[in-house]
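Engineer: Sequence and predicted model, in that order:
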Amino acid sequence: MQKKDVLLARQPIFDRKLNTYAYELLFRPNITESNNGLVDSDQATSMVMLNAYTEIGIQNLVGEHKAFINFTRNLILSPPPFTNKEIVIEVLEDISPDEEIIKSLADLKKKGYLIALDDFIYHDSLLPLVELAHIIKVDVLALSQDQLFEHVTLLKKHDVLLLAEKVETQEMQEYCMDLGFDYFQGYFLSKPKTITGKKIPANKLVVMQLLADLQSPDINSDKLHDTLSKDPGLSFKMLRLINSAAYRRPHKIESLHRAIILIGSNNIKRWASLLALTNLDDKPSALHEETMLRAKMCEFLGKRIQSNEDDLFFTLGMLSMLEAFFDAPMKKLLESVSLTNEMNEALLERKGLLGFVLSTCESYEQGRWDNIDWKGLKKQGLSINDVREAYLESLEWTMETGGVVMGSAG
């Protein structure tokens, strides 16, 4: 299997402190005009595991975290020969707890595998599965708040941990937190609560002002140096990054001014903006990783369309995550940052070429194939292979560079 055929995505799962607990590995179909990406569940899970272990490397995907993987009936009865160290077996919601399934899951549990029940809706007939499970994933979109409360009350009687999945708003995350859920999964990071009339905390105002200064159209090399020099921590991070494997320079750069000259103002601006966001340590590390991935993926596709504007597309991807960092609506945030009309329209309405690239990246990340403008891709000289390659290259780059950006590497 060649790299361009690898189809895989991941979604973080958080604990109550919003630290990354695990990742769910998600199948991404090989879409063509003839098959529309249709494969059966057995094939999908098999491809996820093969790609994770043989093409990308499970450690590159999840690090020291667990990997949640959907298991079909056939795979539960005839499990693949992988160890229990990384995998959490997700039992799909359409699997009936008959004698064969219960016996096989019991054997897997004895071997040390963690068992999770996916998209769980409580019914007495499912109690044999509940007794075997370590984690139960509850689809919060499928239940009313009253039903959600009832589920938590019933399931807390058993020795299980509860995971709220498909949490798409900050309000729902807070409600599930209050109910006592142990883990959380969903798009709430990119769809934060709208805060009306509430001031952004002081530390976030400083970062917002820095972003505004960095994105100012009249900033030059000297002003850029002055702006970055006001934040010693940011300057240190910048020099550490410039001297890291990300640039692989033969000689160490010890001067911020020299770095600006050698690397270029546009590159320095985008890195400084990204590093500034990492100072917001009230957000989970997975958000920083997803921001880096989004920015790099936008850059990758943008470079294929306009080769001389890669920094613009990188900035686009990074800024598209501002809502999640500042817990405020994008429109309000952009009022304090001086951007072009083209950038504003892309971020607010997904208009123009920038909006097209951003929308394509978002849709691919989330597996929302119906939202991808296939004709638009073809018009820009791109194919689904290019989008897949962009995602995989960006994922690899994020894993290599993330430690330096977020301060976990010296």
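Structural biologist: Alright, I've got the coordinates.
Engineer: can we go C-alpha only for contacts and neighbour counts from here?
Structural biologist: Fine.
Engineer: Buried residues of stretch 78-88, list them for me.
Structural biologist: 86-88 (16 or more other CA atoms under 10 Å).
Engineer: Would you map the helices across the stretch 1-150 of the chain?
Structural biologist: 41-50, 58-62, 73-77, 99-110, 127-132, 145-155 (DSSP state H, counting those that start in this stretch).
Engineer: Enumerate every residue touching residue 235.
Structural biologist: Contacts for residue 235 (CA atoms under 8 Å, 6 or more residues apart in numbering) come out as 228-229, 256.
Engineer: related to what we said a few turns ago, what's the closest of the helices of the stretch 1-150 of the chain to residue 251?
Structural biologist: Nearest to residue 251 among the helices of the stretch 1-150 of the chain is helix 58-62; the distance by CA to CA comes to 28.3 Å.
Engineer: Can you give the distance from the closest one to the centre of its chain?
Structural biologist: On the basis of CA atoms, centre = their mean, to the nearest Å, helix 58-62 is displaced by 14 Å from the centre of the chain it belongs to.
Engineer: How about residues contacting it?
Structural biologist: By CA under 8 Å, 6+ apart, the list of residues contacting helix 58-62 reads 10, 22-23, 52, 396, 399.
Engineer: How is the protein divided into domains?
Structural biologist: 3-189, 202-405 (automatic domain parsing).
Engineer: Now mean pLDDT too, for those, in JSON lines please.
Structural biologist: Listed next are the domains of the chain as JSON lines, based on pLDDT from 0 to 100:
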{"stretch": "domain 3-189", "mean pLDDT": "83"}
{"stretch": "domain 202-405", "mean pLDDT": "80"}
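Engineer: Filter the buried residues of stretch 78-88 down to just the ones in strands.
Structural biologist: 87-88 (DSSP state E).
Engineer: show me where the stretch 151-300 of the chain has helices.
Structural biologist: Secondary structure of the stretch 151-300 of the chain by DSSP H, counting those that start in this stretch: the helices cover 170-179, 202-215, 221-229, 232-242, 256-263, 265-278, 285-305.
Engineer: Minimum distance to residue 139: which of those has it?
Structural biologist: Ranked by CA to CA, the member of the helices of the stretch 151-300 of the chain that lies closest to residue 139 is helix 170-179, at 11.2 Å.
Engineer: and the angle for the closest one with helix 145-155?
Structural biologist: In terms of direction (axes from the mean of the first three to the mean of the last three CA atoms, to 10 degrees), helix 170-179 departs from helix 145-155 by 30 degrees.
Engineer: Start at 28, not 1
Structural biologist: With the count now opening at 28, the last piece we talked about shows up as helix 197-206.
Engineer: out of the contacts of helix 85-89, which are inside strands?
Structural biologist: Using DSSP E, the subset of the contacts of helix 85-89 located in strands is 37, 49-50.
Engineer: Distance of the residue of the chain most remote from its centre relative to residue 336?
Structural biologist: The centre of the chain is farthest from one residue, residue 126, which by CA atoms, centre = their mean lies 37.8 Å away. The gap separating residue 126 from residue 336 is 60 Å, by CA to CA, to the nearest Å.
Engineer: do the same with residue 247
Structural biologist: In this view, residue 247 and residue 336 are 18 Å apart by CA to CA.
Engineer: circling back: filter the contacts of helix 85-89 to the buried ones?
Structural biologist: 37, 49-50, 79, 426.
Engineer: Rebuild those residues as TSV, extending it with distance to residue 313.
Structural biologist: What follows is the buried ones among the contacts of helix 85-89, written out as TSV (distance: CA to CA, whole Å):
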residue	distance to residue 313
37	11
49	10
50	10
79	19
426	11
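Engineer: Closest one to residue 240 out of those residues, please.
Structural biologist: Nearest to residue 240 among these, with distances taken as CA to CA, is residue 426, at 28.7 Å.
Engineer: which residues touch that closest one?
Structural biologist: Shown in contact with residue 426 (CA under 8 Å, 6+ apart): 87-88.
Engineer: Distance to residue 327 added to the buried residues of stretch 105-115, as CSV?
Structural biologist: Converted to CSV, these look like this (distance: CA to CA, whole Å):
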residue, distance to residue 327
113, 30
114, 31
115, 32
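Engineer: what sits against the spatially closest residue to residue 336 that is not a sequence neighbour?
Structural biologist: Spatial nearest neighbour of residue 336, chain neighbours left out: residue 330 (6.5 Å); criterion: CA to CA, 6 or more residues apart in numbering. Contact analysis of residue 330 by CA under 8 Å, 6+ apart lists 336-337, 340.
Engineer: just residue 136 next, same as before
Structural biologist: With contacts taken as CA under 8 Å, 6+ apart, residue 136 has the following neighbours: 142, 159.
Engineer: before we move on, what about residue 192?
Structural biologist: For residue 192, the contacting residues are 146, 164-167, 211-213, by CA under 8 Å, 6+ apart.
Engineer: Now do the phi/psi pair for the closest residue to it other than its chain neighbours.
Structural biologist: Spatial nearest neighbour of residue 192, excluding adjacent residues (CA to CA, 6+ apart): residue 212 at 4.6 Å. As for residue 212, its main-chain torsions (degrees, to the nearest 10) stand at phi -150, psi 140.
Engineer: where's residue 212 relative to residue 142, distance?
Structural biologist: 17 Å.
Engineer: do the same with residue 167
Structural biologist: Taking CA to CA, one finds residue 167 at 20 Å from residue 142.
Engineer: and if you look at residue 346?
Structural biologist: 38 Å.
Engineer: Could you count how many residues lie near the residue nearest to residue 303 when sequence neighbours are not counted?
Structural biologist: Nearest residue to residue 303, sequence neighbours excluded (CA to CA, 6+ apart): residue 234, at 6.1 Å. Residue 234 is flanked by 19 other residues according to other CA atoms under 10 Å.
Engineer: before we move on, what about residue 373?
Structural biologist: Every residue meeting other CA under 10 Å relative to residue 373 is counted, giving 21.
Engineer: List the residues that contact residue 343.
Structural biologist: 322, 325, 370, 374, 381, 385.
Engineer: rerun at 10 Å
Structural biologist: 297, 321-323, 325-326, 329, 337, 370-371, 373-374, 381-382, 384-385 (CA atoms under 10 Å, 6 or more residues apart in numbering).
Engineer: hmm, back to that, and the contacts of residue 330, which of them are buried?
Structural biologist: Buried among the contacts of residue 330 (16+ other CA under 10 Å): 337, 340.
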